[in-house]
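Let me see the structure of the following:
(2 chains)
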Amino acid sequence: QKEVEQDPGPLSVPEGAIVSLNCTYSNSAFQYFMWYRQYSRKGPELLMYTYSSGNKEDGRFTAQVDKSSKYISLFIRDSQPSDSATYLCAMSGGGTSYGKLTFGQGTILTVHP
Amino acid sequence: GAGVSQSPRYKVAKRGQDVALRCDPISGHVSLFWYQQALGQGPEFLTYFQNEAQLDKSGLPSDRFFAERPEGSVSTLKIQRTQQEDSAVYLCASSPDSAGELFFGEGSRLTVL
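Now for the predicted structure:
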């Protein structure tokens, strides 16, 4: 079993919908939790970053971390066609291993007009 | 450009050939990472440099994989005697310090025939 599990989808929603993306993990040492967006044939780009448990909001995006359940979520409100991409959750243990990220498989999202 | 630059963007190799993939990080970035992304999967950590020092190479899949960053800037990932299972996108990322955001390049797509 992988350390980080993510439903690969694909997920198809109409424009304006609320999108919920989720990951579960097994390693209790993870302290930093990120969501990356990856367009086709591009590198991942950081969307949201959260330290430990809690919520973080940035515009239409909200990230939630529940360390007790080892479960993280990303919500996208008022989704747009430009949000169509692969969304990757990632996590690390911090310290000198901060950049040593463990990624989920990625969820392919399509937002249709 | 100001981003992470990788070359070549596409490489086709015959099984058994050696390949070298280059990464030009963002100027001044101390940390440099290599990740491998198989088709339909999330990136997987290969190795990490801080300046010219290779601090973690635990993700390199075999001794056929070798990475260097001799002057603490440009890095090269070398794969000897390529195998079909080496086919993947190789992503380089740099960070201004050991705990900063990772900025990914667009990757080098390797196909081994």
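
switch to C-alpha atoms for all contacts and neighbour counts from now on
Fine.

just checking, A:Lys42 touches B:Glu106?
Yes - with contact defined as Cα atoms under 8 Å, A:Lys42 and B:Glu106 form a contacting pair (4.6 Å).

Neighbour count: these two, which is higher?
With neighbours defined as other Cα atoms under 10 Å in any protein chain shown, A:Lys42 and B:Glu106 compare such that B:Glu106 has more, 24 against 13.

Contact partners for that one?
A:41-43, B:4-6, B:9, B:91 (Cα atoms under 8 Å, 6 or more residues apart in numbering or on different chains).

try it again with 10 Å
By Cα atoms under 10 Å, 6 or more residues apart in numbering or on different chains, B:Glu106 lies in contact with A:38-44, B:3-7, B:9, B:89-93.

So what sits opposite A:Trp35 in the bridge?
Beta-bridge partners for A:Trp35, by DSSP bridges, are A:Met48, A:Cys89.

measure it to A:Glu45 for me?
Going from A:Trp35 to A:Glu45 by Cα to Cα, to the nearest Å gives 9 Å.

Pick out whichever of the two has more residues nearby.
Counted by other Cα under 10 Å, A:Trp35 and A:Glu45 do not tie: A:Trp35 has more neighbours, with 24 against 18.

The more buried one and A:Ala90 touch, don't they?
Yes - A:Trp35 lies in contact with A:Ala90 (Cα atoms under 10 Å); the separation is 6.1 Å.

tell me, what's touching these two both at once?
Joint contacts of A:Trp35 and A:Ala90 (Cα under 10 Å, 6+ apart) are A:46, A:49, A:72, A:103-104, A:106.

What is the lowest-pLDDT residue among those?
Within these, pLDDT reaches its minimum at A:Tyr49, with 90.
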